[in-house]
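Asks: the following block contains a protein sequence and its predicted model.
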Amino acid sequence: MRVEKKLPEIHRPYTDKYFLRTNEILIREGLNPRVSIKVFTRGEGNVAGIEDAIEVIEKYSDLRSTGGELWVTRCNKYANKEPLMIIKGPVQSFEELETMYLGVLSHAISEKAGIKAATAEEVREKCGRLRDIYGDKPMLYFGARHYHWSLDKQIAKAALEGGAVQTSTDIGSSNIGLDGVGTTPHVLTIVLANKYGKKHATLKTAQLFDKYMPADIPRVTLCDTFNRELDDSLTVAQYFGERKNVFRIDTCGENIGQGGALYKGQKAKDPEYKTGTGVTIELAENLRMNLIHHGYGDYTSTFLSSGFSNEEKAKAFMRADEAFRKRTGYDLFAGVGIGEVTKAIFCTADIFEIDDKPMSKTGREVYNVDYSRLQRVW
């Protein structure tokens, strides 16, 4: 697949839908705090793509004119979770750009490491194997931020041909004559936590999405932002009552889901995905049983993301789903989001401050930034 260097006139078709909807909610609520975002990747390797990411931010944002700051690494090599960039400014100014700047960084760093861009055949075959594993459960392609923006339509097309039913961007879903789809992202819940507190932020997220989004958009609420997966999903279910709603579980690899157990006495990933950190079978079962126990089994379902392009993880969860249905009569989960459809080095962005005070999703706190290893662009 050939990469296009010239940026498009409009970024929105290449942006994950949940960022577009988040900005709409923030604008309509009049919320525009100053946020600080750390951009990083895992492992160690050679830095690349910084200039491309700067170009995205400068073309589509008004950060310069609104007192924003852009810092980039001084180093030629990166270390695990060390900042590649720090972006500061009014959240509405650049919240919609995460998909594109992460994509160009991931592409350039992967290329520098000798990892070639995906081919359509590779993506199609990968998604086809996943489709065979997941069977009738809907599989949505959410990988736009992992790859260069100019490849999104081609990769999405291959993913759809392989068995995905929808994608997260308008350009991706244009392959099937539809708009992109999405849930709620961590950024919205974190911004709302700054105003309403962490205990109330997930519920407020669901309420505002319900208030401002058209009725035909499914009500899907991300419930792991503050590692309160069981408590927050139940509170949101109580708000919706007998209206259908869905919970997305995306617990990060730094956390053990609420009510979960250590893996062999350690805070680590379980190779069988039953316990430990991240999205585990235990977490999915605990969350689902909590909803069923409180009378919301018929009105709720769960959607899983984070690592569900892994075929062994897919098989493990499908075995768990079959066993869960035999025990309870309910599905363990209703569908999955997949992103890592080919090998690459993926970058991540997390809020770590709001109005110069610490605020982040649980597990991604940043306690200090070594600005001596960064240089200010403006």
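Replies: That came through, no problem.
Asks: for the closest residue to residue 176 other than its chain neighbours, what are its contacts?
Replies: Excluding its sequence neighbours, the residue lying closest to residue 176 (Cβ to Cβ, 6 or more residues apart in numbering) is residue 160, at 6.0 Å. (C-beta placed from N, C-alpha, C; glycine too.) Remark: with contacts taken as Cβ atoms under 8 Å, 6 or more residues apart in numbering, residue 160 is in contact with 141, 167, 175-176.
Asks: and the gap between residue 358 and residue 67?
Replies: Between residue 358 and residue 67 the computed distance is 20 Å (Cβ to Cβ, to the nearest Å).
Asks: related to what we said a few turns ago, and the residue nearest to residue 176, what element?
Replies: Remark: residue 160 resides in helix 152-162, with elements defined by DSSP states H and E.
Asks: show the average pLDDT along the helix or strand just after that helix.
Replies: Using DSSP H and E, the next helix or strand after helix 152-162 towards the C-terminus is strand 166-167. Averaged across strand 166-167, pLDDT comes to 98.
Asks: what's strand 166-167 packed up against?
Replies: Taking 3 or more Cβ pairs under 8 Å, 6 or more residues apart in numbering; DSSP states H and E as the contact definition, the neighbouring helices and strands of strand 166-167 are strand 139-141, helix 152-162.
Asks: who does it pair with, and is each partner parallel or antiparallel?
Replies: Taking DSSP bridges as the criterion, strand 166-167 forms sheet pairs with strand 139-141 (parallel).
Asks: from the chain's centroid, how far away is the strand it pairs with?
Replies: Once both centres are worked out by Cα atoms, centre = their mean, to the nearest Å, strand 139-141 turns out to sit 13 Å from its chain's centre.
Asks: make 174 the starting number, not 1.
Replies: Happy to do that; since the first residue is 174 now, the last one works out to strand 312-314.
Asks: what's in contact with it?
Replies: Strand 312-314 is contacted from outside by 300, 303-304, 328-329, 332-333, 336-341, 345, 354, 508-512, 514, using Cβ under 8 Å, 6+ apart.
Asks: any of those buried? List them.
Replies: Those of the contacts of strand 312-314 that meet the buried threshold are 300, 303-304, 328-329, 332-333, 336-337, 339-341, 345, 354, 508-512, 514, by 16 or more other Cβ atoms under 10 Å.
Asks: thought residue 514 was touching residue 299?
Replies: Yes - the pair residue 514 / residue 299 is scored as a contact, 5.1 Å apart, by Cβ atoms under 8 Å.
Asks: and for those two, which residues touch both?
Replies: residue 482.
Asks: what is the burial count for the nearest residue to residue 550 once chain neighbours are set aside?
Replies: Here the nearest residue to residue 550 in space, its sequence neighbours aside, is residue 243; by Cβ to Cβ, 6+ apart that works out to 4.3 Å. Summarising burial for residue 243: neighbours were counted as other Cβ atoms under 10 Å, giving 22.
Asks: identify the residues contacting the helix or strand that contains residue 243?
Replies: Taking DSSP H and E as the criterion, the element that holds residue 243 is strand 242-246. Where contact means Cβ under 8 Å, 6+ apart, the residues beyond strand 242-246 that reach it are 220, 223, 227, 230, 236, 255-262, 544, 546-551.
Asks: for stretch 278-296, same thing?
Replies: 174, 176, 212, 214, 218-223, 225-226, 251, 257-258, 318-321, 324, 327-328, 330-332, 335, 514-520.
Asks: mind listing what's buried along it?
Replies: Buried residues in stretch 278-296, counted by 16+ other Cβ under 10 Å: 278-284, 290-291, 293, 295-296.
Asks: let me know the closest of those residues to residue 456.
Replies: Proximity of the buried residues of stretch 278-296 to residue 456 (Cβ to Cβ) peaks at residue 279, which lies at 27.1 Å.
Asks: in space, what's closest to the closest one - neighbours in sequence excluded?
Replies: For residue 279, ignoring the flanking residues on the chain, the nearest one in space by Cβ to Cβ, 6+ apart is residue 520 at 4.8 Å.
Asks: need the contact list for the one you found.
Replies: Taking Cβ under 8 Å, 6+ apart, we find residue 520 in contact with 212-214, 257, 275, 278-279, 282, 318.
Asks: again, 6 Å this time
Replies: With contact set as Cβ atoms under 6 Å, 6 or more residues apart in numbering, residue 520 has these partners: 214, 275, 278-279.
Asks: just the helices in the chain please.
Replies: 190-202, 223-233, 264-267, 271-285, 293-307, 325-335, 343-346, 359-369, 371-385, 402-413, 454-466, 484-501 (DSSP state H).
Asks: so what touches the third one?
Replies: It stands for helix 264-267. By Cβ under 6 Å, 6+ apart, the residues outside helix 264-267 that reach it are 196, 199, 205-206, 208, 234-236, 239.
Asks: could those go into CSV alongside neighbour count and distance to residue 379?
Replies: Listed next are the contacts of helix 264-267 as CSV, based on neighbours: other Cβ atoms under 10 Å; distance: Cβ to Cβ, whole Å:
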residue, neighbour count, distance to residue 379
196, 21, 18
199, 21, 15
205, 17, 21
206, 18, 20
208, 25, 21
234, 23, 28
235, 13, 30
236, 20, 30
239, 14, 29
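Asks: got any ranges where the stretch 174-323 of the chain has weak pLDDT?
Replies: For the stretch 174-323 of the chain, not a single residue meets the criterion pLDDT under 70.
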